[in-house]
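Engineer: Okay, predicted coordinates and the sequence, questions at the end:
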Amino acid sequence: MLEVKNLVKSFGEITALNNINLKVKKGEKIIIIGPSGCGKSTLLRCINLLEAPTSGIIKYEGIETKDIKRNHLNQKIGMIFQSYNLFNHLTIIKNITVVPIKLKLMTKEEAYQKAYKLLDEMKLRDKAGRYPRELSGGEKQRVAIIRSLILEPEILLIDEPTGALDPENIKDVLKLLEEISKKGMTMIVVTHEMNFASYFADRIIFMDQGKIIVEGKSKEIFVNPKNERLKSFLSKIRT
């Protein structure tokens, strides 16, 4: 479904991603872990072309993403950010519907109908007319998720979805991601929530210094890690 081949991303003299190779199957749930600054977020941004790769190939359904129209790619590969990226001057309903309406993917009536359905599912319908500043962090993150889901993407890229949340909201957002995954959504999630990663992921990838160091099942990563750098990382996380 998605293939990343020999991906390199440099910012001046700094190499953020160094020869990344990754294949993602339809319906697969991948968790990416690693220390801050190791390239996790940059990888997601390159997959969605929010950052232009320096070299290498990224393919979606066999087609290089650089050859796919940006609007079409954004429909197929959704992105959810740690900082929500909501428009502060728009109400919640307009935040959710502005893209499908502007891109003429839906009529206003269709977009609003779908948005209200999603708001109902996430118990946020009463927030539709409010502004982002009036919502809690957990509510903002759920709105950001709805905004991505309204386009019915094939893949969700999720960057530190709980990074700005308090413990209670963290549980709610992680539970929501679990519910979304049960519908067969392909998901690539960057997170520091190790307990979540251990039971949620089909495959876990550990990155360091712009490279994929280890990848495997939960047991290989958390129960019986053989790589010394991974062991060091986990020991610091657990303490």
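Structural biologist: Arrived safely. Numbering: from 1, shown residues only.
Engineer: hey, let's count contacts and neighbours off CA atoms from now on
Structural biologist: Noted.
Engineer: Roughly how far does residue 177 sit from residue 145?
Structural biologist: 9 Å (C-alpha to C-alpha, to the nearest Å).
Engineer: So for the two, which sits in the more crowded spot?
Structural biologist: Between residue 177 and residue 145, residue 145 has the larger neighbour count (other C-alpha atoms under 10 Å), namely 25 against 18.
Engineer: tell me which element that one falls in.
Structural biologist: For residue 145, the host element (DSSP states H and E) is helix 137-149.
Engineer: cool, residue 187 as well?
Structural biologist: strand 186-190.
Engineer: chain center to whatever helix or strand residue 111 lives in, what's the gap?
Structural biologist: For residue 111, the host element (DSSP H and E) is helix 108-121. Centre-to-centre, helix 108-121 and its host chain are 22 Å apart (C-alpha atoms, centre = their mean, to the nearest Å).
Engineer: Can you point out the buried residues in it?
Structural biologist: Across helix 108-121, burial judged by 16 or more other C-alpha atoms under 10 Å covers 111, 112, 114, 115, 116, 117, 118, 119.
Engineer: and if you look at stretch 97-110?
Structural biologist: Quick answer for stretch 97-110 (16+ other C-alpha under 10 Å): 97, 98, 99, 100, 101, 106.
Engineer: still on that earlier bit, could you export the buried residues of helix 108-121 as a markdown table, including distance to residue 168 and pLDDT?
Structural biologist: Compiled in a markdown table, the buried residues of helix 108-121 are given as follows (distance: C-alpha to C-alpha, whole Å; pLDDT from 0 to 100):
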| residue | distance to residue 168 | pLDDT |
| --- | --- | --- |
| 111 | 31 | 96 |
| 112 | 29 | 96 |
| 114 | 28 | 95 |
| 115 | 25 | 96 |
| 116 | 25 | 96 |
| 117 | 25 | 94 |
| 118 | 22 | 94 |
| 119 | 20 | 95 |
